[in-house]
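What follows is a predicted protein model with its sequence.
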Amino acid sequence: MVNKLFLVFVLVGVPLSVIGSLLHWPSVLMFVVYCLTIVALAGFMGRATESLAIVMGPRIGGLLNATFGNAVELIISIFSLKAGLVGVVLASLTGSVLGNLLLVAGLSFLVGGTKFKRQKFNVYDARHNAGLLIFAVIVAFVIPEVFSQNMSDTKTMTLSIGISIILILLYLSALFFKLVSHRGVYQHGEKGTVEPNEEEEPEWGKGKAMAVLAAATVAVAYVSENLVHTFNEVGEAFGWSELFIGVIIVAIVGNAAEHASAIIMAYKNKMDIAVEIAVGSTLQIAMFVAPVLVLLSLLFPTVMPLVFSLPELIAMVTSVFLMITISNDGETNWFEGLTLLAAYLIMGIGFYLL
């Protein structure tokens, strides 16, 4: 039913997006059309990556899902940078961290927990990811904010570039560690969840899945560029700040693919994949997408230092500590999911009122 609905949104939304942008239809109307179209396209990207993930295992499957899910946000952010909306980009990065750790993980734990009393996942992966989360969000994001207080804009940007390069190199090293050098070393054996079984058939073959991914990514790129141009008028119409648009709206739309996939995986008791999507996507945003955007901003008139506002930093640090506390034992339940969602709602209210 949902897949048919997404198909209708794509078949109707993509042509409407083209026609509306050419005829300059009202920004508020087009904002809704663009958002629904991107969410529907993200749904197709999620189905394609899930098909590829079935034969590749939870780690690679989760990585694929997070990567193509984050591709949507990366595309939106690049066009936002081009338009000089640095505040929206930084806010959307914040929103991705909060959305993945609190909203995606929270909904996954809640939905899965309503079906299963206790759900377990690889505790070694959880502890490994905890260390990376602390480094990426707390060390790499807080340091520029603290040091920039006594630096010129040029030195702050230089610091941001240096940190960005280090983050990218460490992220690539983390992938090598998990997928190559230490693949299979830290197994949880019988304590784990149900892994994808051999009888499960992918919805699409590799060729079709890759073709769908390519087509959806191109369509998302086009729609995203038009979406960025509606932000100012929509903000004025609804009384939304640039911060709220970035933290809540762009983050939810940009991460729609992994939202749906993680929840579905949790409902199937495939918690290794669900957690890898939520936490792995956060790490990819913090250690790869954000640094890449800092470096790409050098190509545009307005550069983007890796300096977040105090509310953004506190929200991200809080969400990291909460997620680590809940997930570090390698198991979860519906109440822990509800706790994460409650934290997300509290922060959402705060950002709306700022």
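Great, that's in hand.

quick one: low-confidence parts of the stretch 1-150 of the chain?
1-2, 55-59, 61-62, 65, 69 (pLDDT under 70).

go again using 50 as the cut-off
Regions of the stretch 1-150 of the chain meeting the criterion pLDDT under 50 are absent.

Break down it into its strands, ranges please.
119-120 (DSSP state E, counting those that start in this stretch).

residue boundaries of the helices in it?
In the stretch 1-150 of the chain, the segments counted as helices under DSSP state H, counting those that start in this stretch are 2-23, 27-54, 58-82, 86-98, 105-115, 123-133, 140-147.

Distance of residue 68 relative to residue 50?
10 Å (Cβ to Cβ, to the nearest Å). To be clear about C-beta, it is placed using only N, CA and C from the backbone, and glycine gets the same treatment.

Tell me which of the helices of the stretch 1-150 of the chain is the most buried.
helix 86-98 (a mean of 27; mean count of other Cβ atoms under 10 Å).

which strands and helices sit next to that one?
On a contact count with 3 or more Cβ pairs under 8 Å, 6 or more residues apart in numbering; DSSP states H and E, helix 86-98 meets helix 58-82, helix 242-244, helix 251-254, helix 271-284, helix 290-296, helix 310-327.

tilt between the fourth one and helix 58-82?
Between helix 271-284 and helix 58-82, the angle comes out at 30 degrees (axes from the mean of the first three to the mean of the last three Cα atoms, to 10 degrees).

What is helix 271-284 packed up against?
Against helix 271-284 (3+ Cβ pairs under 8 Å, 6+ apart) you get helix 58-82, helix 86-98, helix 105-115, helix 123-133, helix 153-176, helix 256-267, helix 310-327.

do the first one as well
Using 3+ Cβ pairs under 8 Å, 6+ apart as the contact definition, the elements that helix 58-82 packs against are helix 27-54, helix 86-98, helix 206-228, helix 251-254, helix 256-267, helix 271-284, helix 290-296.

ok now the second one, how far from the chain's centre?
How far helix 86-98 lies from its chain's middle: 10 Å, per Cα atoms, centre = their mean, to the nearest Å.

The shortest one now?
Averaged C-alpha coordinates place helix 251-254 at 8 Å from its chain's average position (Cα atoms, centre = their mean).

Touching that helix from outside, list them.
For helix 251-254, contacts defined as Cβ atoms under 8 Å, 6 or more residues apart in numbering pick out 35, 38-39, 42, 70, 72-73, 76-77, 92, 94-96, 98-99, 103, 227, 259.

among the helices and strands packed on helix 86-98, which is nearest residue 341?
helix 310-327 (11.2 Å; Cβ to Cβ).

Go through that closest one and flag the buried ones.
The neighbour-count check on helix 310-327 (16 or more other Cβ atoms under 10 Å) flags 311-313, 315-324, 326-327 as buried.

farthest pair in those residues?
Once Cβ to Cβ is applied, those give 311 and 327 as the farthest pair, at 24.3 Å.

sorry, back to before: just send the helices and strands packed on helix 58-82 back as a markdown table, with distance to residue 112 too.
Converted to a markdown table, the helices and strands packed on helix 58-82 look like this (distance: least, Cβ to Cβ, whole Å):
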| stretch | distance to residue 112 |
| --- | --- |
| helix 27-54 | 16 |
| helix 86-98 | 20 |
| helix 206-228 | 25 |
| helix 251-254 | 20 |
| helix 256-267 | 3 |
| helix 271-284 | 7 |
| helix 290-296 | 29 |
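
between those, which one is nearest to residue 241?
Closest approach to residue 241 among the helices and strands packed on helix 58-82 is made by helix 86-98 (8.9 Å; Cβ to Cβ).

Please could you give me each C-alpha atom of that closest one, formatted as CSV?
Taking Å, rounded to 0.1, in the frame of the first residue of the first chain, the C-alpha atoms of helix 86-98 are listed here in CSV:
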residue,chain,number,x,y,z
VAL,A,86,25.0,28.4,5.5
GLY,A,87,22.7,28.6,8.5
VAL,A,88,20.3,26.2,7.0
VAL,A,89,23.1,23.7,6.1
LEU,A,90,24.5,23.7,9.6
ALA,A,91,21.0,23.4,11.1
SER,A,92,20.2,20.5,8.7
LEU,A,93,23.4,18.7,9.9
THR,A,94,22.3,19.2,13.5
GLY,A,95,18.9,17.9,12.5
SER,A,96,20.3,14.8,10.9
VAL,A,97,22.3,14.0,14.1
LEU,A,98,19.2,14.5,16.3
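
re the thing from before, could you dump the helices of the stretch 1-150 of the chain into a markdown table and include distance to residue 176?
Putting the helices of the stretch 1-150 of the chain into a markdown table (distance: least, Cβ to Cβ, whole Å) gives the following:
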| stretch | distance to residue 176 |
| --- | --- |
| helix 2-23 | 35 |
| helix 27-54 | 20 |
| helix 58-82 | 12 |
| helix 86-98 | 23 |
| helix 105-115 | 25 |
| helix 123-133 | 13 |
| helix 140-147 | 19 |
